[in-house]
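J.: Predicted model, plus sequence, below.
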Amino acid sequence: MEIKKVGQQDQLLQARKESLEAAEKMALRPLGKLWGMDVFTWYKPAVTELAATISTFPFPVFWLSNEAIIQEMALVDPETLRSVQWCAQFDNPQLSIPSDIIPEMSLVTGTESLEDALEFLKKNKKARHILLFTVQGNEWKTKMEIFENFVRLHQ
């Protein structure tokens, strides 16, 4: 009986650990500073929470994201999307933002790869801004690693 009880405790502890790790990945995470910008990452954000967070940032926002999250933001909260200083869609060069939103945005780019978006960032960096990276989908881990490695390399 004692062995079964210990096994159940181990399983519960492991499940709790995995749950906490998953919750951490899905939360807004600070990465420090890059070229005077405060850097954050967020895996699979709920768009309503994302919009509220962007609205509360004290500096203009550079937002790098995949197409699906940007499309959802355009549907759920177009005003917040319009307020973003630079919106960079890094997985499709063809922008999918509705045509009535784009003219009101400061800067919008679409690239085929995250690496291309990061090259654009190097040329357009600005201190006293927020750099927000959001991602979801099948390749999210790879994209997150590329972004985090880029930030570490240039800090």
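T.: Done, it's in.

J.: Out of the helices and strands in the protein, which is least certain?
T.: helix 2-25 (a mean of 59; mean pLDDT, DSSP states H and E).

J.: Identify the residues contacting the helix or strand following that one?
T.: Toward the C-terminal end, the helix or strand that comes next after helix 2-25 (DSSP states H and E) is strand 29-34. Residues outside strand 29-34 that contact it (C-beta atoms under 8 Å, 6 or more residues apart in numbering): 38-42, 125, 131, 148, 151, 154-155. (Each C-beta comes from the backbone N, C-alpha and C, glycine too.)

J.: Please, where are all the strands along the protein?
T.: 29-34, 37-43, 61-65, 86-89, 107-110, 130-135 (DSSP state E).

J.: Export the ones you listed to CSV and append columns for distance to Pro98, mean pLDDT and mean neighbour count.
T.: Formatted as CSV, these follow (distance: least, C-beta to C-beta, whole Å; pLDDT from 0 to 100; neighbours: other C-beta atoms under 10 Å):
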stretch, distance to Pro98, mean pLDDT, mean neighbour count
strand 29-34, 30, 96, 14
strand 37-43, 23, 97, 21
strand 61-65, 16, 97, 24
strand 86-89, 13, 95, 23
strand 107-110, 12, 94, 16
strand 130-135, 19, 97, 24
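
J.: will you turn the ones you listed into a markdown table that also has distance to Asp10?
T.: Below are the strands of the chain laid out as a markdown table (distance: least, C-beta to C-beta, whole Å):
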| stretch | distance to Asp10 |
| --- | --- |
| strand 29-34 | 28 |
| strand 37-43 | 27 |
| strand 61-65 | 39 |
| strand 86-89 | 44 |
| strand 107-110 | 48 |
| strand 130-135 | 33 |
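
J.: Could I get the contacting residues of the closest residue to Val108 other than its chain neighbours?
T.: Nearest residue to Val108, sequence neighbours excluded (C-beta to C-beta, 6 or more residues apart in numbering): Cys87, at 4.9 Å. Going by C-beta under 8 Å, 6+ apart, Cys87 touches 63, 65, 70, 81, 97, 105, 107-109.
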